[in-house]
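1. Let me see the structure of the following:
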Amino acid sequence: NTTFEIRRVSDGGLVDTVTTGTDGRVYVPLASDSYYAVETEAGKGYQIDSTPIYFTVEDGKTTTKTVTNKAISGILIHKVNAITGEGIPGVSFILYDSGNNPIAQETSDDRGYVRFENLTAGRYYLRELENEGYIPDTQKKTVYVKSGETTEIEWQNTPVTGQIQITKRSADYNPTNGLPAGTLLEGAVFEITDKAGNVVDTIRTNNRGLAVSKRLPLSRYFVREVKAPEHYGISEKKLTVYLEHEGQIVRIEVQDSNLLTGVSIKKTGPVQAVPSQPIRYVFSEIKNSSTTTLNSFYWRDQLPAQVTLSKIVTGSYNQPLSYKVVYKTNLSGDYRTLADNLSTSKVYVLDARPAVLGLAANERVTEVMFVFGIVPAGFAQVETPYIYATARSGLANNSGIVNVADVGGLYNGQWIQAVSRWLTTVYTKTTVKLPKTGY
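-> I've put the predicted structure just below:
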């Protein structure tokens, strides 16, 4: 499996490409001429030798050339945590030759591996440089490298560790469960992340309000509450913790305030409408009135069969977010996007006539929804949104057009929602036949 290119000396032209067999030999039939061979691929475990090999071929004679390759030798170190067995990245090692002269320095990769390659057989020494967060092991180790082999070493380090303890209390009296301020709270969940943003531990407070981390290497960490006890709001603070010496326990107290969840929406429109008359629906008081952030926040208007959608005025909102407007029709159960990447600070007028939306003759919009995603406490409309529609022709006198709007958001997996309804009564012209009076 060693490959050579055979070329003419006269013009460098490629004559053949050949590969040695299992016996390390290859035979090439050639016309009389001067040639040279260049090794292009070495056998596995050997260093390539690209030095040209010149030779001349004569009629009726066989020319023999012998080429030697040095075996590739090396050292592979796996730097691991002595407790978890996980690789430790970013640890540097110095390699010394048999005369104790430094000849190379390499650093462990993201899986804790360090490679020294292309070494000749013999004795070497390795020394680890200081490793932050671990008990240092700086004593030189002797390593013997054999020709054509990679010497593998597992090098363990014991981490220097500390611990984080969190106490969770209520910040004030909770009227929902009747617990006073300062009550120790069970069920709060915290995430601990390292400097790179990796979650290193997730802990939960017990019935004494205490959450305790596992033993952590000395470093800087960030603590964030991800789930609050029932009837309490999540603390928005992201805490920074430094573990600086062996056995250190950093104690933190976190307070949660009462959780109030609520959303609101109000919809109004005309009290009466005649068939084929334009109708304008007005939306107000759209708000996340909770004391906490809500996920998957939306507001929606469900259009009855008696009206045809024509235009949407989006309104504006008090928090800088990006949102989209989607809709459904009577012929499709899936949402279609009407407009995307809208700014809450701007008011948009969206043309939603059936012809613009490309609807079929018997197709109509049944639902329009504004999708905001995550909204903070106090998120609310500023400028008024409107939905314009047209009452369909042929509606019966005194029939009702019921329009429903709702708003909602998720907190801890539960929907917080509010609904507003509006009734418009249809009025049609009534023709009465009067009697003839005579004279």
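
2. residue boundaries of the helices in the stretch 301-439 of the chain?
-> Using DSSP state H, counting those that start in this stretch, the helices of the stretch 301-439 of the chain run over 354-357.

3. just the stretch 51-200 of the chain next, same as before
-> Assigned by DSSP H, counting those that start in this stretch, the helices in the stretch 51-200 of the chain number zero.

4. For the least confident helix or strand in the chain by mean pLDDT, what is the distance to the chain centroid?
-> Ranking every helix and strand in the chain by mean pLDDT, DSSP states H and E puts strand 216-217 at the bottom, with a mean of 84. Computed by Cα atoms, centre = their mean, to the nearest Å, the chain-centroid distance of strand 216-217 equals 25 Å.

5. cool, stretch 11-29 as well?
-> Worked out by Cα atoms, centre = their mean, stretch 11-29 lies 52 Å from the chain centre.

6. Kindly check the end-to-end length of it for me.
-> Start-to-end span of stretch 11-29 (Cα to Cα, to the nearest Å) is 19 Å.

7. Of all the residues in that stretch, which ones are buried?
-> When neighbours are counted by 16 or more other Cβ atoms under 10 Å, no buried residue of stretch 11-29 is found. All C-beta spots, glycine's among them, are computed from the backbone N, C-alpha and C.

8. Pull the residues that contact it.
-> With Cβ atoms under 8 Å, 6 or more residues apart in numbering as the test, stretch 11-29 has contacts from 1-8, 30, 35, 40-41, 43.

9. Out of these, flag the one nearest to residue 322.
-> residue 41 (53.9 Å; Cβ to Cβ).

10. what about the nearest residue to that closest one once chain neighbours are set aside, how many neighbours?
-> The shortest distance from residue 41 to any non-neighbouring residue, by Cβ to Cβ, 6 or more residues apart in numbering, is to residue 3 (4.0 Å). Close neighbours of residue 3, defined as other Cβ atoms under 10 Å, add up to 16.

11. swap in residue 179?
-> Residue 179, neighbours per other Cβ under 10 Å, totals 19.

12. hang on, it packs against residue 171?
-> No - assessed by Cβ atoms under 8 Å, residue 179 is found out of contact with residue 171, at 11.0 Å.

13. picking that back up, can you turn the buried part of the contacts of stretch 11-29 into a PyMOL selection?
-> Selection of the buried residues among the contacts of stretch 11-29 in PyMOL, burial being defined by 16+ other Cβ under 10 Å:
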select buried, resi 2+3+4+5+6+7+35
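
14. So which of the contacts of stretch 11-29 is the closest to residue 418?
-> residue 41 (72.1 Å).

15. The closest one contacts residue 5, correct?
-> No - in this structure residue 41 lies outside contact range of residue 5 using Cβ under 8 Å: 9.9 Å.

16. Each with direction, which strands does the least confident helix or strand of the chain pair with?
-> Counting by DSSP bridges, the strands paired with strand 216-217 are strand 161-170 (antiparallel).

17. Output the partner strand in CSV with nothing but the alpha carbons.
-> Presented in CSV, the C-alpha positions along strand 161-170 are these (Å, rounded to 0.1, in the frame of the first residue of the first chain):
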residue,chain,number,x,y,z
THR,A,161,-13.7,21.4,44.4
GLY,A,162,-16.2,23.5,46.3
GLN,A,163,-20.0,23.6,46.6
ILE,A,164,-22.9,26.0,46.2
GLN,A,165,-25.9,26.0,48.6
ILE,A,166,-29.0,28.0,47.9
THR,A,167,-31.8,28.9,50.5
LYS,A,168,-35.1,29.9,49.0
ARG,A,169,-37.6,32.1,51.0
SER,A,170,-40.8,34.0,50.2
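
18. and that strand, average pLDDT?
-> Taken as a whole, strand 161-170 has a mean pLDDT of 92.

19. What are the buried residues along that strand?
-> Under the neighbour-count rule (16+ other Cβ under 10 Å), strand 161-170 has 161, 162, 163, 164, 166, 167, 168, 169, 170 buried.

20. Turn those into a markdown table, columns for distance to residue 262.
-> Conversion of the buried residues of strand 161-170 to a markdown table gives the following (distance: Cβ to Cβ, whole Å):
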| residue | distance to residue 262 |
| --- | --- |
| 161 | 45 |
| 162 | 42 |
| 163 | 39 |
| 164 | 34 |
| 166 | 29 |
| 167 | 30 |
| 168 | 24 |
| 169 | 25 |
| 170 | 20 |
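
21. wait, which of the residues you listed is closest to residue 193?
-> Checking the buried residues of strand 161-170 against residue 193 with Cβ to Cβ, the nearest one is residue 164 at 11.6 Å.

22. separation between residue 380 and residue 403?
-> Distance of residue 380 to residue 403, computed by Cβ to Cβ, to the nearest Å: 22 Å.

23. The two: which is more packed in?
-> residue 403 (22 against 14).

24. That one is in contact with residue 269, isn't it?
-> Yes - contact criterion Cβ under 8 Å: residue 403 and residue 269 qualify, at 6.5 Å.

25. Quickly list what's touching both of the two.
-> Shared contacts of residue 403 and residue 269, defined by Cβ under 8 Å, 6+ apart, comprise 281, 422, 424.

26. Scan those residues and report the most crowded one.
-> residue 424 (22 neighbours).

27. Can you show me the strands along the stretch 301-439 of the chain?
-> 307-313, 322-329, 332-343, 349-351, 365-375, 386-391, 400-411, 414-426 (DSSP state E, counting those that start in this stretch).

28. mind putting those in JSON lines, mean pLDDT and distance to residue 123 included?
-> As requested, these are arranged in JSON lines below (pLDDT from 0 to 100; distance: least, Cβ to Cβ, whole Å):
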{"stretch": "strand 307-313", "mean pLDDT": "96", "distance to residue 123": "80"}
{"stretch": "strand 322-329", "mean pLDDT": "96", "distance to residue 123": "64"}
{"stretch": "strand 332-343", "mean pLDDT": "94", "distance to residue 123": "65"}
{"stretch": "strand 349-351", "mean pLDDT": "96", "distance to residue 123": "78"}
{"stretch": "strand 365-375", "mean pLDDT": "96", "distance to residue 123": "61"}
{"stretch": "strand 386-391", "mean pLDDT": "95", "distance to residue 123": "83"}
{"stretch": "strand 400-411", "mean pLDDT": "94", "distance to residue 123": "65"}
{"stretch": "strand 414-426", "mean pLDDT": "93", "distance to residue 123": "68"}
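
29. closest one to residue 132 among those strands?
-> Ranking these by distance to residue 132, with Cβ to Cβ as the measure, places strand 365-375 first at 36.0 Å.

30. packing partners for that closest one?
-> strand 294-302, strand 307-313, strand 322-329 (3 or more Cβ pairs under 8 Å, 6 or more residues apart in numbering; DSSP states H and E).
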